[in-house]
Structures are given as structure tokens and as C-alpha cells.
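# let's see this in three dimensions:
(2 chains)
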Amino acid sequence: MASEGTTIRNGETVVLELPCQPEFISLARLSVSALANMVGFSVEDIEDLKVALSEACTNAMQYGCEKEDHYTTSFELFNDGISIVVSDSGETWDCEAVSQPSLKGDQVGGFGLYIIRTLMDDMDIVSSESGTTLTMKKNLRPQNGIQ
Amino acid sequence: MFTADKLKDGRPGVKITGEVDVATAAPFREALEEVISGGDEKVYLDLSDMDYIDSTGIGILIDIKKNVMKPDQQFVLINPKRSIRKLFQLTGVDQIFPIAED
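Take a look at the predicted model:
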């Protein structure tokens, strides 16, 4: 359900190619903030999307930038939510090994996938020889958007 | 944007402004290490103007507590925004450091 005054074609897609430099992750956050606002997400949900996307971009930078100097974020806008794909061409890595961190203060890193999985309604990650693709989805909640 | 400034009320600590992510991790760590080097038992982190922190920043907080601080030293996290407090709860940071409203 798009915000008042905004007309979004269901399935509209925006693609953003980001350099493998940490300074550009804030650009991803700005982008998802604007796009999620167009879809009609609440401020709280937009914050969740910003955090989740940043974690995915950080992972892409850390694990997916050996072969290429960029990675891709793709946003698909729907009437009832948003789907985001972050893909890189890096080496294969064991995603599941870092997906459930300890929360007792004895672990310094490895929170990224756990955070994404917790904040999003759906998350899937596939890592192969051709790279890693992380797909996350968040649905509009009933109180979001213009009724 | 990221800045770290001394607290104006004279307490040992630092006021963090802006975003903490992989791009600002180094100055964030530097600011924290500098403020705990004074040896104060309680070090206050004013987060009221911190707009964003990701798992990189959270990892730095935990790493400093675990590997740099003296055993009797502690960060006190002051006035984090709701979205940041939510992230602290998700990652267990709220179990490691006291969070205070000021």
C-alpha cells in the first residue's frame, strides 16, 4: 500500500551497484529508507530495514569483494512489502556456521545474519562458487500505509 | 557522519553523534579506548544523538569490554534511541552494559 501521493507499480525494481568501500553503505541505507517510505512502511520498520540491509552489505564487502570491486543491491517494491537482494561474486563461505551467535557477551562478531533473520520476515542466503546471494523480505504490517 | 565529544557535564565518558558502522568503526573504537584509558570505573556513553549502530559497532563495544577494559570498568549506555535499544536487546548488549535514561 503506497504512501499518499505516491504511485508504485507492483513489482517495481530499483538496482544499486555499490563500490566495495565502507563509505557507500550509508548510501544503501538512504536508498532503502526512501524506497520503504514509498511503499508505506512505518518509521520503526524502516529502521529495521536499514539495519538489515547494512548487515548484508557489510557481509558482501567482507566476503564478496575479492574478485570484483563492487556488489549489487536490488530492491523490489510490492503493494504489501519489499524484497531486497544483495549479491556479490565472492568465494563460497559457510553461511550457517555464523548464523546463530552466542548472546552472552562472549562473542564479538557474527551477529549480522542473526540480526537480518530476526528483523526480516523472510531471509535466504545461498553461497556458491559464483558468489553469494542474500534475499530478505519484509511485509507491510496492517497498521502501516494509508488505510 | 560520526563525531565523539567529551561529556559537557564533566563525567568520564563520550557523546557519540551520527552513525557507527564499518565505515566509522575505527574512530569509534579510538574514542572508546581513549575514554577508558582514564581508568574510571564507570564510563558514560551518551547515545542520545547516535542515529545508527550496526553489528560492527556492537562487536567493538563487546570486544573492548572483554579484552581492553579492566575487570571493574563498565560502560553505561545513556539514552539510546528506540531502534538502537531494540538492537541492543536483540544482540544481548543490554545484558552486558547497563542502559540508563538521563
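# please make it C-alpha for all contacts and neighbour counts, starting now.
Fine.
# what's the pLDDT at residue 50?
Since no chain was named, I'll use chain A. A:Lys50 is assigned 96 on the pLDDT scale.
# the intended chain is chain B.
96.
# helix/strand/coil for it?
With DSSP: H, G, I helix; E, B strand; the rest coil as the basis, B:Met50 sits in strand.
# quick check: it touching B:Asp21?
No - judged on C-alpha atoms under 8 Å, B:Met50 makes no contact with B:Asp21 at a distance of 11.3 Å.
# who has more neighbours, those two?
B:Asp21 (25 against 20; other C-alpha atoms under 10 Å in any protein chain shown).
# CA atoms of the lengthiest helix in chain A as CSV?
Longest helix in chain A, counting residues (DSSP state H): helix A:43-63. Output of helix A:43-63 as CSV, limited to C-alpha atoms (Å, rounded to 0.1, in the frame of the first residue of the first chain):
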residue,chain,number,x,y,z
VAL,A,43,9.5,4.5,10.8
GLU,A,44,10.2,1.6,13.1
ASP,A,45,10.1,-0.9,10.2
ILE,A,46,12.3,1.4,8.1
GLU,A,47,14.9,1.4,10.8
ASP,A,48,14.8,-2.5,10.8
LEU,A,49,15.3,-2.4,7.0
LYS,A,50,18.2,-0.1,7.3
VAL,A,51,19.9,-2.3,9.9
ALA,A,52,19.3,-5.5,8.0
LEU,A,53,20.5,-4.1,4.6
SER,A,54,23.6,-2.6,6.2
GLU,A,55,24.5,-6.0,7.7
ALA,A,56,24.0,-7.6,4.3
CYS,A,57,26.2,-5.0,2.6
THR,A,58,28.9,-5.4,5.3
ASN,A,59,28.9,-9.2,4.7
ALA,A,60,29.2,-8.6,0.9
MET,A,61,32.1,-6.3,1.5
GLN,A,62,33.9,-8.6,3.9
TYR,A,63,33.4,-11.9,2.0
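# and the helix or strand hosting A:Leu27, how far from the chain's centre?
Using DSSP states H and E, A:Leu27 falls within helix A:25-39. On the basis of C-alpha atoms, centre = their mean, to the nearest Å, helix A:25-39 is displaced by 10 Å from the centre of the chain it belongs to.
# what's the local residue count around residue 18?
By default, I'm working from chain A. Neighbours of A:Leu18 (other C-alpha under 10 Å): 19.
# the intended chain is chain B.
By other C-alpha under 10 Å, the residues close to B:Gly18 number 17.
# quick check, it in contact with B:Asp49.
Yes - counting by C-alpha under 8 Å, B:Asp49 is a contact partner of B:Gly18 at 6.5 Å.
# centroid-nearest residue for chain B?
Most central in chain B under C-alpha atoms, centre = their mean is B:Leu45, positioned 4.8 Å from the mean C-alpha point.
# kindly confirm my reading that that residue is in a strand.
Yes - under three-state DSSP, B:Leu45 sits within a strand.
# wait, it sits on B:Pro80?
No - B:Leu45 is not in contact with B:Pro80 according to C-alpha under 8 Å; the separation is 9.4 Å.
# dump the residue contacts of A:Met120.
A:Met120 makes contacts with A:Asp48, A:Leu49, A:Ala52, A:Met136, A:Lys137, A:Lys138, as judged by C-alpha atoms under 8 Å, 6 or more residues apart in numbering or on different chains.
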